[in-house]
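Enquirer: Predicted model follows, preceded by the sequence.
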Amino acid sequence: MSKKPVVVARPEHYDVIARPVITEKATMASEQGAVVFRVAPDATKPAIKEAVEALFGVKVKAVNTVVTKGKTKRFRGRPGVRSDVKKAYVTLEEGNTIDVTTGL
């Protein structure tokens with residue numbers, strides 16, 4: 001009889017995951033059992049997996065990350081650059097779900 005190790009949420013887990021991404025593409029991914037989060041730029045896949053499992057109490061199957069480079073935009077006639085954004089597509093094991101519309 002083996003027990004599952006209990007993962008306790010630590011303060012650094014809240015530094016890894018910034019917020020959920022709620023867009024049309026993220027909603028389509030949620031139909032396939034994936035949840036999209038905006039994460040810290042220096043976050044690694046194992047750190048993201050550990051943070052999601054600890055904060056939401058689910059089992060993670062896979063983590064895919066995407067870095068979107070910031071665009072050059074003009075603000076009041078002056079050029080500016082938006083910051084780079086890192087997103088994590090977290091695929092959950094069968095039977096696990098995360099409701100991103102409610103808070104932690």
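Expert: Noted; the coordinates are in hand.
Enquirer: Show me where the chain has its strands.
Expert: All strands of the chain, identified by DSSP state E, fall at 17-20, 34-39, 60-68, 72-75, 78-81, 85-92.
Enquirer: quick one: which of those is nearest Lys49?
Expert: strand 60-68 (4.7 Å; CB to CB). C-beta coordinates here come from the backbone N, C-alpha and C atoms, glycine included.
Enquirer: Tell me the buried residues in the closest one?
Expert: Within strand 60-68, the residues that count as buried by 16 or more other CB atoms under 10 Å are Val60, Val63.
Enquirer: List the pairing partners of it within its sheet, with orientation.
Expert: If you go by DSSP bridges, strand 60-68 pairs up with strand 85-92 (antiparallel).
Enquirer: Just the CA trace of the strand it pairs with, in CSV.
Expert: Output of strand 85-92 as CSV, limited to C-alpha atoms (Å, rounded to 0.1, in the frame of the first residue of the first chain):
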residue,chain,number,x,y,z
VAL,A,85,5.5,36.9,-22.2
LYS,A,86,6.0,33.2,-21.3
LYS,A,87,3.0,30.9,-21.3
ALA,A,88,2.7,27.4,-20.2
TYR,A,89,0.2,24.9,-21.7
VAL,A,90,-0.3,22.4,-18.8
THR,A,91,-1.9,19.1,-19.9
LEU,A,92,-3.7,17.3,-17.0
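Enquirer: residues contacting the nearest residue in space to Val58 that is not next to it in sequence?
Expert: With sequence-adjacent residues excluded and distances taken as CB to CB, 6 or more residues apart in numbering, Val58 is closest to Asn96, at 4.0 Å. Counting by CB atoms under 8 Å, 6 or more residues apart in numbering, Asn96 touches Gly33, Val58, Lys59.
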